[in-house]
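Novice: curious how this folds, go ahead:
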Amino acid sequence: MASGIKTVIYPVKDLARAKALYGTVLGVEPDMDEAYYVGFTIGGQHIGLDPNGHKNAMTGPVCYWHVDDINQCLQGLFAAGAVEQ
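Specialist: Residues are numbered from 1 along each chain as shown. All right, here's what the predicted structure looks like:
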């Protein structure tokens, strides 16, 4: 089963500055460029910039683990001792 962290969203205060910075660092243009979100994809990794993150209680980057079968993954986590909240 393929899985892994493939999306990381960063809260940013100045979207224009962050877009310029990440564009320079990553060496690619954004593949999504909206007032509410800017996203870059490089090497199968998606990097997102969220200008509303701080006001929505994001204190740092949020990573998203992609999986092929969420139910199978959840069952494996529960079997390993995870507790659903």
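Novice: what's near enough to touch Val62?
Specialist: Contacts for Val62 (Cβ atoms under 8 Å, 6 or more residues apart in numbering) come out as Val8, Ile9, Gly53. Bear in mind the C-beta positions are built from the backbone N, C-alpha and C, glycine included.
Novice: where does pLDDT dip in the protein?
Specialist: For the chain, residues meeting the criterion pLDDT under 70 lie at 1-2.
Novice: one more pass at 90, please.
Specialist: Where the chain drops to pLDDT under 90, the residues are 1-4, 65, 85.
Novice: just the helices in it please.
Specialist: Counting by DSSP state H, the chain has helices at residues 15-26, 70-79.
Novice: deepest-packed of these, please.
Specialist: Of all those, helix 15-26 carries the top mean neighbour count, a mean of 14, counting by mean count of other Cβ atoms under 10 Å.
Novice: and the contacts of it?
Specialist: Tyr10, Val12, Glu29, Pro30, Asp33, Ala35, Val38, Phe40, Ile42, Ile47, Leu49, Pro51.
Novice: for Gly39, see how far away the first one is.
Specialist: Read that as Tyr10. Per Cβ to Cβ, to the nearest Å, Tyr10 is found 11 Å from Gly39.
Novice: as a markdown table, the contacts of Val62 with neighbour count and distance to Thr24 would be great.
Specialist: Shown next, in a markdown table, are the contacts of Val62 (neighbours: other Cβ atoms under 10 Å; distance: Cβ to Cβ, whole Å):
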| residue | neighbour count | distance to Thr24 |
| --- | --- | --- |
| Val8 | 13 | 18 |
| Ile9 | 18 | 19 |
| Gly53 | 20 | 21 |
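Novice: thanks a lot, catch you later.
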